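1. Sequence and predicted structure, then a few things I'm wondering about:
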Amino acid sequence: MKLNVLMSLNHKGKIYEIGDSIDVPVEKVAIFINNGWAAKFEKKEAKLKKVTKELKKDSIETKNDATNKD
């Protein structure tokens, strides 16, 4: 079962840092959770892409255009 690591762990020769996910046999899940070593796995939220809208004008009056009106 997947768990999120709550503290630095060395499990089966591999070092896990806070926030890493770890696979633990089902029969040992309670040990990891009760000792505060890990918590039930929560998927990280997918980052949403920012959407920007572009405004287009038919014409833009520049400073020179404004002063040179006839």
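-> Perfect, thanks for sending it.
2. Which strand or helix spans I22?
-> Remark: I22 resides in strand 21-23, with elements defined by DSSP states H and E.
3. Contacts for that strand next, please.
-> 1-5, 9, 11, 16, 32, 38, 41 (C-beta atoms under 8 Å, 6 or more residues apart in numbering). C-beta: built from backbone N, CA, C; applies to glycine.
4. again, only this time at 10 Å
-> 1-5, 9, 11-12, 14, 16, 32, 37-38, 41-44 (C-beta atoms under 10 Å, 6 or more residues apart in numbering).
5. So among those residues, which ones count as buried?
-> The neighbour-count test (16 or more other C-beta atoms under 10 Å) applied to those identifies 3-5, 9, 16, 32, 37-38 as buried.
6. Of these, which belong to helices?
-> Mapping the buried ones among the contacts of strand 21-23 onto helices (DSSP state H) picks out F32.
7. Out of the buried ones among the contacts of strand 21-23, list just those in strands.
-> If you go by DSSP state E, the buried ones among the contacts of strand 21-23 have 3-5, 9, 16, 38 in strands.
8. Tell me the one of these nearest P25?
-> Of all those, P25 sits closest to L3, with 10.9 Å by C-beta to C-beta.
9. circling back: may I ask which two of the ones in strands among the buried ones among the contacts of strand 21-23 are separated the most?
-> Maximum distance among those (C-beta to C-beta): 11.2 Å, for N4 and L9.
10. Am I right that N4 is in contact with D20?
-> Yes - judged on C-beta atoms under 10 Å, N4 makes contact with D20 at a distance of 7.5 Å.
11. Can you check which residues contact both of those two?
-> Joint contacts of N4 and D20 (C-beta under 10 Å, 6+ apart) are A38.
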